[in-house]
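> quick one, fold the following:
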Amino acid sequence: MPNYNHARYLADAIAGIAAQSRAPDEFLILDDGSTDDSLEVIGPYLERFPFLRLIRHERNYGVIAAHERLFAEARGDLLFAAAADDVRLPGFFARALAMAEQFPQAGLVCGAVGMIDGAGRRLGRIDVRRWREPLYADPPRFLREYLMVELPAHSLCSGTIYRREALQEAGGYRPDLGSWSDTFAFRAIGLKYGVCYLADEVAQFRKLAGSFSQQSVAQPRKLLEIIARAEFWMRSAEFRERFPEDYVRRWRRACRRQVLWDYVLGPDSGSLPRRSFWGRNLRRLPRACRALWLLSRGDGGGNTKTAAESPP
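You can find the predicted model right below:
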């Protein structure tokens, strides 16, 4: 679990993992140069749980660098990358490990994820529409019933446990993919090894305006560049056998549209209380004009290179 100034949510985040009915073999928290009282919150848990270990960065290196350090430090065969502002639900680890033992060929185990705001209020749920029972989906089924059906940025990463070797083989969380690094790894693993799915909700993703993922929504050009880099990796010699070309083309078109649509809606789309119709949409006019300009550019604001070149 990397942490940077999330003291407000740390108690729930730590307890949700440490108190699982199947406790983790080890629980690593990396404090990435926090300037709040995160270390004071973590301290008592270090004494209470012997499997908990604290790693400290004297300055902030960022989420991807923190994950890279944690993946290198972890010793387990199954890895769970936890966000410090999310919540894990009881029974997640026990059920996930049972599925992993039942289907050793699967590259990861995931479950449905709830969405909450900073105050813990329910916002929605992310699940797989065609999967209503626990199951193992082999790569063709994962492609057919998940990737080709769900929204292009659909992600269950807040409730995903990876097989270490499969994650390493996929390159871990690639720094050049930014906020989409975990989602790319999820897809690359599923398309080679298949996935286990727990149909119930196993975690809750906290949607915060200042979070790593939500900051990207306000930067469509940056997100479009990430899409171009993800497209490069999908077509690279390393991954082209996993990602069918028709899927890559379809994903690129749909993902560009979704990124720009989310940008047009803006962070005020989920605000409480809601603004009036005219108040909301007059504020969106500048974003809509910029989105149309970006959409008209065939390269998405960046130049997509061929698989023979370096990533854009």
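
> all contacts plus neighbour counts: C-alpha atoms, from now on.
Fine.

> Arg132 against Ala199, yeah?
Yes - Arg132 sits in contact with Ala199 when judged by CA atoms under 8 Å, with a separation of 5.7 Å.

> quick one, which of those two is more surrounded?
Shown here are Arg132 and Ala199; by other CA atoms under 10 Å, Ala199 has more neighbours (18 against 12).

> can you give me the mean pLDDT across the helix or strand hosting Ala230?
If you go by DSSP states H and E, Ala230 is part of helix 220-235. In this model, helix 220-235 has an average pLDDT of 92.

> gap between it and the chain center?
How far helix 220-235 lies from its chain's middle: 16 Å, per CA atoms, centre = their mean, to the nearest Å.

> quick one: average pLDDT of the helix or strand just after that helix?
Sequence-wise, the next helix or strand downstream of helix 220-235 (DSSP H and E) is helix 245-265. Helix 245-265 carries an average pLDDT of 85.

> just stretch 171-191 next, same as before
96.

> likewise for stretch 103-111?
For stretch 103-111, mean pLDDT is 98.

> likewise for stretch 71-79?
Predicted confidence along stretch 71-79 averages 96 (mean pLDDT).

> stretch 194-206 now?
Stretch 194-206 comes out at a mean pLDDT of 96.

> chain center to it, what's the gap?
On CA atoms, centre = their mean, the centre of stretch 194-206 falls 12 Å from that of its chain.

> which SS class is Ile55?
strand (DSSP: H, G, I helix; E, B strand; the rest coil).

> tell me if I'm right that it and Gly33 touch.
No - with contact defined as CA under 8 Å, Ile55 does not reach Gly33; the gap is 10.3 Å.

> who's more crowded, those two?
With neighbours defined as other CA under 10 Å, Ile55 and Gly33 compare such that Gly33 has more, 18 against 14.

> spatially nearest residue to that one (excluding sequence neighbours)?
In space, and not counting its chain neighbours, Gly33 is closest to Arg59: 4.2 Å by CA to CA, 6 or more residues apart in numbering.

> quick check: that neighbour vs Ala65, distance?
12 Å (CA to CA, to the nearest Å).

> dump the residue contacts of Ile226.
Neighbouring residues of Ile226 by CA atoms under 8 Å, 6 or more residues apart in numbering: 176-178, 180.
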